[in-house]
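Asks: Build the 3D model from these lines:
(one chain, ligands or ions: 1)
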Amino acid sequence: MNFELNEYKNELADDEIISDIKSTATSLNVEYLSISLYRQHGKYSQTAIQGHFGTWTNALKIAGLRSVRTPQELKRIRDEDYFKDLLKISTHLLKDTVTFEEYKMYGSFSAESIFKRYKKWDDFLVAAGLQPTGLARHKITELELFDEIECIWTRLGRQPTSTDIINSNISKYSLDTYKRRFGGWRKALEAFVLYVNSNFDSEFNNNIVLETKIDDKSDTNKILQNNNNNDVLFIKNKKTSRNINLRLRFKVLNRDNFTCVMCGASPAKSSNIELHIDHIVPWSKGGETVMDNLQTLCANCNFGKSNIT
Ligand SMILES: [Zn+2]
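Replies: Sure, this is the predicted structure:
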């Protein structure tokens, strides 16, 4: 279930992006299509691709293309190509360093291939003229800004305007912070929407760790079968984590119109209302962290429930 900004133009479909990636690879006659080649010849921006698929590698996999370079292809990449890519990211993030995780998110090359060449991430950063990660000044990440946008949106019970940010103390960060990062308040909202609507790991975030293959004859499984401890058996059967990620939380709030489904209270009508997301079947009783099992409740109705999740 996607939502849109007021008067927001139609959302780009995953299929359109994937078919453009495929046709670009075909027209260039390559098995491996790098993001930098795609940027030169393809139709869509790297941000759009990340918004939809999380990473370029993931997009390649979905398009059915090879997602890693061969050792021969790797050798052909020059140090300067790596440095240029890294500096572009540090400029984009307004930071004098780039973490490994950030590189994986925004980089044009595989971070693993860089590791193979430089052995230490900090050595790579220093070689490119940036600060080692340990010495970096803390800058606000995009995710922290998205988190804050969601917080404000939930507290207001409606789409926040730039006036809300200027005239109230509702935002931790100034309007300028959003402007510097995204180019404007409207653009910040658009980036947020793209992020929330992206299909990448939306509902089953974090579930991989908790999932156990039933037919796996590993020692872990034997331990699970022989152990009478309820917690262990119970983790084995769980599919989703208790934690509700930002995207899912926002989709539930949006589906319920930022209104308590029990009493109809909404922050849009009365500013002292606080909204919570509640597991209908409590997580501790086997309820999953999915859209159908989540609802919006005000603090009063939530704490009135016998099983707080
Ligand atoms: Zn209520």
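Asks: Relative to Pro71, how far out is Asp20?
Replies: Taking CB to CB, to the nearest Å as the measure, Asp20 falls 29 Å from Pro71. Every residue, glycine included, has its C-beta placed from N, CA and C.
Asks: More neighbours: which of these two?
Replies: Each of Asp20 and Pro71 has its neighbours counted (other CB atoms under 10 Å); Asp20 has more, 17 against 9.
Asks: What is the burial count for Ile140?
Replies: 17.
Asks: how about it, what does it touch?
Replies: Listed by CB atoms under 8 Å, 6 or more residues apart in numbering, the contact partners of Ile140 are 173, 177, 181.
Asks: Quick check: pLDDT value at it.
Replies: On the pLDDT scale, Ile140 is placed at 77.
Asks: helix, strand or coil for it?
Replies: Recorded secondary structure, Ile140: coil (DSSP: H, G, I helix; E, B strand; the rest coil).
Asks: Sort out for me which of the contacts of Ile140 are in helices.
Replies: 177, 181 (DSSP state H).
Asks: nearest to the ion, of the contacts of Ile140?
Replies: Tyr173 (29.6 Å; CB to the ion).
Asks: what about that closest one, how many residues close to it?
Replies: 16.
Asks: Also the one 4 residues further on?
Replies: As a burial measure, Thr177 scores 17 neighbours (other CB under 10 Å).
Asks: Would you mind naming what in the chain lies close to the ion?
Replies: Counting by CB under 5 Å from the ion, the positions of the chain adjacent to the ion are 260, 262-263, 265, 298, 301.
Asks: I'd like these as TSV, with secondary structure, pLDDT and neighbour count appended.
Replies: Shown next, in TSV, are the residues of the chain next to the ion (DSSP: H, G, I helix; E, B strand; the rest coil; pLDDT from 0 to 100; neighbours: other CB atoms under 10 Å):
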residue	secondary structure	pLDDT	neighbour count
Cys260	coil	94	24
Met262	coil	94	16
Cys263	coil	94	13
Ala265	coil	93	21
Cys298	strand	92	23
Cys301	helix	90	19
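Asks: As TSV, those with distance to Gly129 would be great.
Replies: As requested, the residues of the chain next to the ion are exported to TSV (distance: CB to CB, whole Å):
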residue	distance to Gly129
Cys260	53
Met262	57
Cys263	58
Ala265	54
Cys298	52
Cys301	55
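Asks: Alright, calling it a day.
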